[in-house]
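A.B. asks: After the sequence you'll find the predicted model.
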Amino acid sequence: MRQFEVYAYRAAYYLLQQEEAASAAAADALLQSFHDEAFRNGDELSRQQIIKKRVIRSCLNHLREARRARMAE
């Protein structure tokens, strides 16, 4: 998992452009991947693809939540 931490954070930061949000999104993606059997049993490339998809999904969720919070104000 450690080898994917930097990758996940960089991808999340590229998408969100906010340090705190990127850190949270990367952590969510890594945690979800840790519990995924396909991730644990996959090769390097498939693991990276799984992380990438999860980071994107996590970033989109974060953006939706931030948007809802702004609209509620």
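C.D. replies: It's in.
A.B. asks: Now the lowest-mean-pLDDT helix or strand in the chain: buried residues?
C.D. replies: One helix or strand of the chain scores below all others by mean pLDDT, DSSP states H and E: helix 37-41, with a mean of 91. For helix 37-41, burial by neighbour count (16 or more other Cβ atoms under 10 Å) applies to residue 39. Where C-beta positions appear, they are placed from N, C-alpha and C, glycine not excepted.
A.B. asks: tell me the mean pLDDT over stretch 49-62?
C.D. replies: Averaging pLDDT along stretch 49-62 gives 95.
A.B. asks: So what's the gap between that stretch and the chain middle?
C.D. replies: 4 Å (Cα atoms, centre = their mean, to the nearest Å).
A.B. asks: Report the buried residues of that stretch.
C.D. replies: Neighbour count says stretch 49-62 has 50-51, 54-55, 58-59, 62 buried, by 16+ other Cβ under 10 Å.
A.B. asks: which helices and strands does the longest helix along the chain pack with?
C.D. replies: Using DSSP state H, we find that the single longest helix of the chain is helix 44-72. Helix 44-72 sits against helix 2-16, helix 19-34, helix 37-41, with contacts defined as 3 or more Cβ pairs under 8 Å, 6 or more residues apart in numbering; DSSP states H and E.
A.B. asks: which residues sit against the shortest one?
C.D. replies: If I follow you right, that is helix 37-41. With Cβ atoms under 8 Å, 6 or more residues apart in numbering as the test, helix 37-41 has contacts from 33-34, 46-47, 50-51.
A.B. asks: just the first one next, same as before
C.D. replies: With contact meaning Cβ under 8 Å, 6+ apart, helix 2-16 is reached by 19, 21-23, 25-26, 29-30, 33, 47-48, 51-52, 54-56, 58-59, 62-63.
A.B. asks: mind redoing it with 10 Å?
C.D. replies: 1, 18-19, 21-30, 33-34, 39, 44, 47-48, 50-52, 54-56, 58-60, 62-63, 66 (Cβ atoms under 10 Å, 6 or more residues apart in numbering).
A.B. asks: and what of stretch 61-73?
C.D. replies: 12, 15-16, 18, 21-22, 24-25, 28.
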